[in-house]
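*Asks:* Got a sequence here, can you model it:
(2 chains)
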Amino acid sequence: MTNEQCNNETVMEEGQALLQILLRVQDSSQENYVSEDAVNEIAYKLNVSRSRVYSTASFYSAISLKPRGRHIVRVCINAPCENAGKAEILAVLEEQLGIKLGETTGDRQFTLEGVSCLGACYVSPAIKIDNKLYGNLTPEVVVAILRTYREEVDTVDCTA
Amino acid sequence: MNLVRFELNGQAVEVSPGLSILEAAKQYGIKIPSLCHHPDQRVKANCRVCVVEVEGQRNLVASCATTVTEGMKVRTNSPKIRETVQTILELIFANHPQECLTCVRNGNCELRQLAADYGIREIKGEMAAPSLPIDMSTPSLVRNPNKCIKCGRCAEVCHHVQETGILYSNYRSIDVAVEPEFGKNLSEVACVLCGQCASVCPVGAIHERDDIAKVWAALDDLNKHVVVQVAPSVRVSVAEEFGYAPGTIATGKLVAALRKLGFDRVFDTDFGADVTIMEEGHELLHRLNNAGVLPMITSCSPGWVKYIEHNYPEQLGHLSTAKSPQQMFGALAKTYYAKKAGLDPADIYVVSIMPCTAKKFESQRPEMSDSGVRDVDAVLTTRELGRILKQAGVEFSVLTEEQFDDPLGISTGAAAIFGATGGVMEAALRTVYEVVTGSELTNVEFTQVRGMDGVKEAEIDLAGSKVKVAVAHGLGNARKIMELIKTGQADYTFVEIMACPGGCIGGGGQPYGTTNAVRRQRIAALYQVDEALPLRKSHESPAVIELYKDFLGQPLGEVSHKLLHTKYKNRSLRKLKG
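*Replies:* Numbering: from 1, shown residues only, chains lettered A, B, ... in the order given. Just a heads-up that it's a prediction; the model follows:
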């Protein structure tokens, strides 16, 4: 999976595009992260040191070097969302998923992360699941949203 | 050139354009404190201890990163600056283990010196020194992340001078760690152990592995015949350990000091260097006459050898099979010398004094035991030599000069210049020229291959046929040559490569404070040593002539092949995908 991503020579020739490459490799990974093999492969293809790739990857919080769940649930922890009831939203997320902030569920379906601002203060409190934004949240809405992801998970599991 | 006029602490001064405030102030007798700054490196401006006031600027500015401009008004000393620097230092100390008394850098730590200069008497913050594992995975270097102040000097030299790309700054803010990727040990990555990181580290976060105890144990063992060899470059650097100026020639004092330590024989790696020229020079001729792999590349520098093994394993055929002078010396000490002195090789203990951390690794390579036992038993860097001499109470300044012992202490000027970039090439040419042309070389100085330019080229006339040679020092420059060879664009016959900038005089085990300016002074001293010697061609050394007559037979002969030549290993980290 990683190799297919890296073998895209046109992307690889653009040495400056390291961050973009890291994000694409991460997106294509089932576990939402950049593996050690992927770091080594990117370094080789770009003709830069492994440590440079790792340094860039470890600098940005958008990139994970550890396996994560299939879905990343990002909760805004900044002031506007805090004032709009973030604590309640986070509590229901933690309770529903059975994990704390920064953890991954046992079935490796969800990782819960705190982020500094989603750029969606106008609909605070807000969360983002993968690339989809959810705003004006209440605990009930959060439960309903999570259910849709769980159903999707179940569907996948049934057909597998 | 128009000078830039500015005001420094109320005084009107002028400097050349383009200088930073830090550099400009230095010219007027003001030493602004700094940690991440290094004169040969790019500006990092992350330690912030060099802050100054510039009129019109709301905040303090980093003097290392601010260029002096016309009419600028700078203050380097004010209550605000003192308070800020004090706070920054206290914050660094709060994260730094309070182990100064037992630290390897006790006596030459830049952080400790700053604390002394700045009169720090208490640390107000809460102590929060980390306790991370220490990397002792290699025979050459010890990396102690607990003492790291994250100045980034090591990463800078590793990435932008050596281009080995091992140490880099990972994570961010308070989590920053300067280390290999995934927190790996140095033995798990393509580190060549050149030690340039250790050379620029201001504190005790990365340093040579200390082998002094091993040497004492051998010296204390009455059943051991302990001999020492000294690398060419050490004679022009060791005096710095005792406060002398860079470039001080201290050969005689060095020999005297080593005798005081109790070595049974004080020999010279220069003897090994002369033998190296005989073997490597003839190997070059053999390759020329038998359509061998060209260009041939020198193999004296163990950091360079490990580098090509990691990064260009498919090009290993270019590397001379000749062992380095250190290893030739070791193999001969335990065979030729053992026989001459009537000693059992197992009772001889060979200690090397080297400018180099990678030499420790080289001596432990499994194949380096052609004498039947380990050819070199212990390697001390110049810095360790300074420490063991101080421990033994040897007063360097009052020593009377002494001579090396015979026969492994006899050498030529050709061997002495091995320690400078271009020196091995020049020494080889002095011998190869005479062997090929059969006539005497009157001007022995090949100045085209001397000096600090990164890659040097020259064309030499050998009895009518032109031979193109190249010299590179610092692995970033080595890479340039290797890319040319890899892509078939190199038309060289012979190439000298040294891992460290300036060659061995700039090695990773040399006294602290090694800058390019210091390197130039040490290089100049080595050429003085060469000039002052009566013999300046390796093949004219009486010790070499006797060695071949009595023991080796001829260069590249059967005995030489067994004792003085070696093989290399593919160390590529890249797994071949099926």
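
*Asks:* Buried residues of stretch A:119-132, list them for me.
*Replies:* By neighbour count on 16 or more other CB atoms under 10 Å in any protein chain shown, the buried set for stretch A:119-132 is A:120, A:121, A:124, A:125, A:126, A:127, A:128, A:129. C-betas here are computed from N, CA, C, even on glycine.

*Asks:* Widest-spaced pair of those?
*Replies:* Using CB to CB, the pair of the buried residues of stretch A:119-132 lying farthest apart is A:121 and A:129, separated by 18.3 Å.

*Asks:* and the buried residues of stretch A:119-132, which of them are in helices?
*Replies:* Mapping those onto helices (DSSP state H) picks out no residues; all lie outside.

*Asks:* which one of these is nearest residue B:296?
*Replies:* Sorting the buried residues of stretch A:119-132 by distance to residue B:296 puts residue A:128 at the head of the list, at 60.4 Å, by CB to CB.

*Asks:* doesn't residue A:118 make contact with the closest one?
*Replies:* Yes. Judged on CB atoms under 8 Å, residue A:128 makes contact with residue A:118 at a distance of 5.3 Å.

*Asks:* Now the common contact residues for those two.
*Replies:* With contacts taken as CB atoms under 8 Å, 6 or more residues apart in numbering or on different chains, residue A:128 and residue A:118 have residue A:74 as neighbours in common.

*Asks:* Now do the domain split for chain B, please.
*Replies:* Listed by automatic domain parsing, the domain ranges of chain B are B:4-77, B:93-208, B:212-564.

*Asks:* shaky segments in the chain?
*Replies:* With no chain named, the answer covers chain A. For chain A, the stretches with pLDDT under 70 are A:1-16, A:153-160.

*Asks:* Please refer instead to chain B.
*Replies:* Ranges of chain B meeting pLDDT under 70: B:575-578.

*Asks:* Residues of it that sit close to chain A?
*Replies:* Neighbours of chain A within chain B, by CB under 8 Å from any CB of the partner chain: B:159, B:164-172, B:180-182, B:189, B:573-574, B:577.

*Asks:* which bits of chain A sit near chain B?
*Replies:* Going by CB under 8 Å from any CB, the residues of chain A near chain B are A:3, A:36, A:39-40, A:44, A:48-55, A:58-59, A:65.

*Asks:* top of those residues by neighbour count?
*Replies:* Neighbours here mean other CB atoms under 10 Å in any protein chain shown. Within those, the largest count is held by residue A:51, at 28 neighbours.

*Asks:* ok, residue B:123 to residue B:89 distance?
*Replies:* To residue B:89, residue B:123 is 9 Å away according to CB to CB, to the nearest Å.

*Asks:* Between those two, which has more neighbouring residues?
*Replies:* Applying other CB under 10 Å to residue B:123 and residue B:89 shows that residue B:89 carries more neighbours, namely 21 against 16.

*Asks:* now that one, what's its secondary structure?
*Replies:* helix (DSSP: H, G, I helix; E, B strand; the rest coil).

*Asks:* Would you list the phi and psi of the residue of chain A found nearest chain B?
*Replies:* Residue of chain A nearest chain B, by CB to the nearest CB: residue A:49 (2.4 Å). With angles defined as degrees, to the nearest 10, residue A:49 sits at phi -70, psi 150.

*Asks:* what's the closest non-adjacent residue to it?
*Replies:* Once flanking residues are discounted, residue A:49 sits nearest to residue B:165: 2.4 Å by CB to CB, 6 or more residues apart in numbering or on different chains.

*Asks:* closest to residue A:69 out of the domains of chain B?
*Replies:* Among these, domain B:93-208 sits nearest to residue A:69 (CB to CB), with 21.3 Å.

*Asks:* residue boundaries of the helices in chain A?
*Replies:* A:2-6, A:9-13, A:18-28, A:36-46, A:50-59, A:79-83, A:86-97, A:139-159.

*Asks:* want to throw those into TSV with distance to residue B:289?
*Replies:* Listed next are the helices of chain A as TSV, based on distance: least, CB to CB, whole Å:
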stretch	distance to residue B:289
helix A:2-6	46
helix A:9-13	44
helix A:18-28	49
helix A:36-46	39
helix A:50-59	42
helix A:79-83	79
helix A:86-97	75
helix A:139-159	70
